[in-house]
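>>> Just the structure for this:
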Amino acid sequence: MKKTVASLSLVFFGCLSTSAVIAQTASEAQLKIVAVEYKVAENDVAETLKYLASDELEGRETGTIGMVKAADYLEQFFKNNNVKPYFKSYRDTLSTFKETAFNIVGFVEGSDPVLKNEFIILSAHYDHIGFDKKGVNGDFINNGANDDASGTTAVAEMAKYFSIAKNNKRSILFVFFAGEEKGLLGSKHLAKKLKAQDFKLYAQFNIEMIGVPMKREYLAYITGFDKSNMAGKINEYTGKNTIGFLPKEAEFQLFYRSDNFSFYDVFKVPCQSVSTFDFENFEFYHHVSDDFKAMDISHMTSFIQELLPAVTQMVNTPTQEIIMLK
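Numbers count the residues shown, from 1 in each chain. The predicted structure follows:
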């Protein structure tokens, strides 16, 4: 996650009716639950996360050899799981960064002759902040396990699921962004590039810092909660209280601080990030101790599993049910 500014002022919410945007629970919604028999394997989640957060990658700073190694791994992951490149290759070279850096972009085409022209983007940033000059107890590598190797792992697992299930009527882009920590550079580049190609984006679901659970009545929160009905629709699709409202998200204006905003800014459609980092459950943000051993693999696996029915519905509803509210 791009660094927040602690002095940001509070955002006032009282003028908007809570009932208009509140996340719907199973008892409140007419459920449209999709049964997903596919089971996310905890060992697979651990394997991907452990490599992306390893010392070998030296913190995955954009433009470094560590970032390239991470890109190599993700590109091979797509190849191994029959996820095709959307462009001529998986590597989408940034026009927004002075050195060589690239997003990794995979593609699963939709099965419906009409709906396949509409796209859902499932994304996360695979870069992090590299070395810490001062270090802590001799450790100088910001491994970025939670931020955002965890989200990258979740998107990789979703790509694997769709490549096997082949149950998406809409087309899906699976995107691993570089340059997020440098100012959302990868997403800014790709959003502008796709817009120029008349890309028909329905919605973006960006995954950011899901490595540890929250102690709340809901699994996760989304940024810009009241900007669309995405939270309510996700809960409708899962039949659970999956997404809730986190006041801190609004206080720190997180909607504007991850790669979802680049796409919202260009396309003006629902583009939001989901997270389980609530400012109380993880003390190692941008810290060398944000490493693999601090992650809850069981939670991550359950998170991905619970979201599969939601993303499955997103790519299959006959109409665009997720809409902007303001």
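>>> Show me the helices in the stretch 101-250 of the chain, by range?
Secondary structure of the stretch 101-250 of the chain (DSSP state H, counting those that start in this stretch): helices at 150-165, 185-196, 230-238, 247-251.
>>> just how off-centre is the shortest one within its chain?
Distance, stretch centre to chain centre, for helix 247-251: 18 Å (C-alpha atoms, centre = their mean, to the nearest Å).
>>> Next SSE downstream of it?
helix 260-267 (DSSP states H and E).
>>> and that next one, what does it pack onto?
If contacts are counted by 3 or more C-beta pairs under 8 Å, 6 or more residues apart in numbering; DSSP states H and E, helix 260-267 sits against helix 185-196, strand 201-207, strand 271-275. Any C-beta I mention is one placed from the backbone N, CA and C, and that applies to glycine too.
>>> Any idea which of these gets closest to Pro113?
Nearest of the helices and strands packed on helix 260-267 to Pro113, taken as C-beta to C-beta: strand 201-207 at 16.3 Å.
>>> mind listing what that closest one pairs with, with the direction of each?
Partner strands and pairing direction for strand 201-207 (DSSP bridges) are strand 119-125 (parallel), strand 271-275 (parallel).
>>> Adding distance to Asp265, mean pLDDT and mean neighbour count, write the ones you listed out as TSV.
Formatted as TSV, these follow (distance: least, C-beta to C-beta, whole Å; pLDDT from 0 to 100; neighbours: other C-beta atoms under 10 Å):
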stretch	distance to Asp265	mean pLDDT	mean neighbour count
strand 119-125	14	98	27
strand 271-275	9	98	28
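>>> Could you save the ones you listed as JSON lines and add columns showing distance to Lys326?
What follows is the strands paired with strand 201-207, written out as JSON lines (distance: least, C-beta to C-beta, whole Å):
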{"stretch": "strand 119-125", "distance to Lys326": "21"}
{"stretch": "strand 271-275", "distance to Lys326": "13"}
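>>> Among those strands, which comes closest to Glu180?
Among the strands paired with strand 201-207, strand 119-125 comes nearest to Glu180, with 3.5 Å by C-beta to C-beta.
>>> residue ranges with poor pLDDT in the stretch 1-150 of the chain?
For the stretch 1-150 of the chain, applying pLDDT under 70 flags the ranges 1-32, 35.
>>> Show me where it has its strands.
Taking DSSP state E, counting those that start in this stretch as the criterion, the stretch 1-150 of the chain carries its strands at 84-85, 91-93, 102-108, 119-125, 131-136, 139-141.
>>> how about a markdown table for the ones you listed, with distance to Ile207 added?
Converted to a markdown table, those look like this (distance: least, C-beta to C-beta, whole Å):
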| stretch | distance to Ile207 |
| --- | --- |
| strand 84-85 | 21 |
| strand 91-93 | 19 |
| strand 102-108 | 15 |
| strand 119-125 | 5 |
| strand 131-136 | 25 |
| strand 139-141 | 23 |
